[in-house]
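Engineer: Turn this into a model:
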Amino acid sequence: MLNRQDALEALGGAYRARVSGDREALARYWADGAHFEIVGKPDRMAGVPLKSAGAMQTIGALIDQFGFSDHQILDAVLEGSKLAVRSRVTVTVPGKAPETTDLFDLVEFDADGKISSFVQFADTALIRDMAE
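Structural biologist: Sure thing, here's the model as predicted:
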């Protein structure tokens, strides 16, 4: 069974790779066939990839569109192989002022400690405004 420290280290490593834009390092934290999605109505989020068949495909497109910095985990609860995390991050888009926002992630790990499912709840109005 996954312990809290290992889960937080894995998620923290994935976020550090996301902040640096290092797709190769980020991919090492994901299980084959992993699921990733940002919860939101696709018709209200035109041009923003919310999910796709491959987690890294969606995340790669998000890295291209939105920069992350100053990520910090604020709260975390582990139950079995599932980690619920509230964090804060500064988001940047070329030509717009940086915005700081909170995220809520529901992350599930496989038996090898890799991310098998990652569902993110974010300020979709902010995402839409920054993407326009």
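Engineer: Am I right that Ala10 falls within a helix?
Structural biologist: Yes - assignment of Ala10 by DSSP: H, G, I helix; E, B strand; the rest coil places it within a helix.
Engineer: looking at it, it is touching Ile115, isn't it?
Structural biologist: Yes - using CB atoms under 8 Å, Ala10 is in contact with Ile115, at 7.1 Å. Yep, even glycine has a C-beta here, placed from its N, CA and C like the rest.
Engineer: So for these two, which residue has more residues nearby?
Structural biologist: In terms of neighbours (other CB atoms under 10 Å), Ile115 is the more surrounded of Ala10 and Ile115; the figures are 23 against 19.
Engineer: Could you measure from that one over to Tyr29?
Structural biologist: Taking CB to CB, to the nearest Å as the measure, Ile115 falls 6 Å from Tyr29.
Engineer: Overlap in contacts, the two.
Structural biologist: Residues touching both Ile115 and Tyr29 (CB atoms under 8 Å, 6 or more residues apart in numbering) are 10-11, 14.
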